[in-house]
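Chemist: Provide a 3D model corresponding to the input given below.
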Amino acid sequence: MSTTFRSRITARFGRSYLARIQKHGIGSSTIRLLPEDLLMLLRRDGLDPVRQLATARAAAPVFRVSLPFGMDAWVVTGYEESKAVLGSADGFSTDFAHLATNAGIAAEQSPGGLGFSDPPVHTRLRRILTPEFTMRRLRRLGPRIDAIVEERLAAMEAVRGPVDLVHEFALPIPSLTICELLGVPYEDRNDFQQLAMDRFDLFGGTTAPFGAMSASLDYFRGVVRAQRVKPGDGLLGMIVREHGDSVDDEELAGLADGVLTGGFETTASTIALGSLVLLRNEDVLNRLRTDDTSTVPFVEEVLRYLSAVQMAFPRFARRDIEIAGVVIPRGDMVLCSLSGANRDESYVMDDGRFDPDRATASHLAFGHGIHRCIGAELARMELRSAYPALARRFPGMRLAVPPQDLAFRKLSIVYGIESLPVHLR
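Modeler: Down below sits the predicted model:
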């Protein structure tokens, strides 16, 4: 990232955001006020959801919690119940205005894009993006993804001593892929990664992710302005050429930020955590290395088992609506636990084991309904390239630290591991 970009971000958000935190007392103290029934959605025990989540789901897959800023929220942990909420666009809204009205978040912090919009705005924006995410269009990225993976493997092979799979493998693959897709300058990669990661870690305070979103949007506004002058071959250039002024700069920056949000940190965390699964399951690693037909079921089980995105975007009931016999009042917030739903035994007989022979293609790792992740197939392409290549190149890789020394994120919407040091040989 250029010095100018870094200075602009610091000047605009550093002083004002810290002042707002100091004035209003927003931070880890606010997080401590959140009820445990809500915090458990953001915690893990290693690779598994915390035990309380299964206990709560067995007692009631839909239940109410009271939030400290004076509103009720409903937690949904069951598979069918989550599908019912996520699949009902007419029953539930994701419009950011609800957060601005009910949760005390400033309206100008809206990231825009698909995640926080309803039809017809959502329908129009998704129609613009969808052609670029069809398998026919994505296939052109396949060779580049494979090349990125091979470049990272070669770079790791040249290193003496332990290698951190998070920073040397899991982060660069989706980062470079998103740069390729969007047409973002490669020299911005490192800070580009940090902008994406900051929005998912709640230890900066409950509103810290919105500060990171604002910084990301500011960056993309600059990229969009450059694309208006000289459209490139990436997604942003394509939209500028094909849609012109029918998509304004703010909408286009929001779409780019949404692609970053959905396609970078989520995929990076899944690659890293899935690599840990391989390290813990030598038989699975060997099978992935020698049997090409095992890649697809392995990836689908990784997505279900890990559910790196732990919680879906908040929904707000458009009217009094019944889910699993529980009436959710109009205006109340609904939070669906994707990690809870994907471990629901009414969906799959989950005994805590990683089992790539399970039939789990109907998991909710990418969400469900009109807000299902538009980049799901791109993520699958990256995972299907990364895992078998890693297994083939380094079949004898092993952890370089005791398992108990691995540091996982403690409280995060997107679960992850801070580092994964390994001996490659």
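Chemist: which residues of the chain score low on pLDDT?
Modeler: Applying pLDDT under 70 to the chain flags the ranges 1-32, 69, 96-113, 115, 186, 189-213.
Chemist: please name every helix or strand in contact with the strand or helix carrying residue 240.
Modeler: Using DSSP states H and E, residue 240 maps to helix 235-243. Judged by 3 or more Cβ pairs under 8 Å, 6 or more residues apart in numbering; DSSP states H and E, helix 235-243 is in contact with helix 121-129, helix 172-182, helix 208-229, helix 249-260. From N, CA and C alone the C-beta is placed, and that goes for glycine too.
Chemist: can you pull the buried residues of stretch 353-370?
Modeler: By 16 or more other Cβ atoms under 10 Å, the buried positions in stretch 353-370 come out as 354-356, 358, 360, 363-368, 370.
Chemist: ok, now which ones touch the closest residue to residue 123 other than its chain neighbours?
Modeler: Beyond its immediate neighbours in the sequence, the residue positioned closest to residue 123 (Cβ to Cβ, 6 or more residues apart in numbering) is residue 370, lying 7.9 Å away. Counting by Cβ atoms under 8 Å, 6 or more residues apart in numbering, residue 370 touches 89, 119, 122-123, 126.
Chemist: gap between residue 370 and residue 78?
Modeler: Going from residue 370 to residue 78 by Cβ to Cβ, to the nearest Å gives 21 Å.
Chemist: one more: residue 394?
Modeler: Distance from residue 394 to residue 78, counting by Cβ to Cβ: 39 Å.
Chemist: what of residue 239?
Modeler: 38 Å.
Chemist: ok, back up a step: tell me which of the buried residues of stretch 353-370 is nearest to residue 264?
Modeler: Ranked by distance to residue 264 (Cβ to Cβ), these are led by residue 366 at 14.7 Å.
Chemist: now the closest one: phi and psi?
Modeler: Phi and psi for residue 366, reported as degrees, to the nearest 10, are phi -100, psi 10.
Chemist: ok now the strand or helix carrying residue 295, how far from the chain's centre?
Modeler: Residue 295 belongs to helix 295-306 when elements are defined using DSSP H and E. Chain-centre distance of helix 295-306: 16 Å, with Cα atoms, centre = their mean, to the nearest Å.
Chemist: buried residues of the helix or strand that it is followed by, list them for me.
Modeler: Next along the chain after helix 295-306, taking DSSP H and E as the criterion, comes strand 315-317. Of the residues in strand 315-317, 315-317 count as buried by neighbour count, 16+ other Cβ under 10 Å.
Chemist: how close does residue 237 get to residue 299?
Modeler: Look at residue 237 and residue 299: by Cβ to Cβ, they are 30 Å apart.
Chemist: still on that earlier bit, tell me what angle the helix holding residue 240 forms with helix 121-129.
Modeler: Interaxial angle, helix 235-243 versus helix 121-129 (axes from the mean of the first three to the mean of the last three Cα atoms, to 10 degrees): 100 degrees.
Chemist: in helices only, show me the buried residues of stretch 353-370.
Modeler: Among those, DSSP state H puts none in helices.
Chemist: need the residues you listed in CSV (columns: distance to residue 221).
Modeler: Compiled in CSV, these are given as follows (distance: Cβ to Cβ, whole Å):
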residue, distance to residue 221
354, 42
355, 46
356, 43
358, 44
360, 40
363, 35
364, 33
365, 31
366, 28
367, 27
368, 31
370, 26
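Chemist: on that earlier part again, by contact count, what packs against the helix holding residue 295?
Modeler: helix 266-280, helix 282-290, helix 376-393.
Chemist: can you give me the angle the shortest one makes with helix 266-280?
Modeler: Comparing the axes of helix 282-290 and helix 266-280 via the same axes, to 10 degrees yields an angle of 120 degrees.
Chemist: how far off centre is helix 282-290?
Modeler: 27 Å.
Chemist: mind starting the numbering at 8 from now?
Modeler: With the count now opening at 8, the last piece we talked about shows up as helix 289-297.
Chemist: need the residues that contact it.
Modeler: Contacts for helix 289-297 (Cβ under 8 Å, 6+ apart): 284-286, 301-302, 305, 361, 363, 394-395, 398-399, 402.
Chemist: farthest-apart pair in the residues you listed, please.
Modeler: Spatial extent of those (Cβ to Cβ) is set by the pair 361 and 399 at 19.7 Å.
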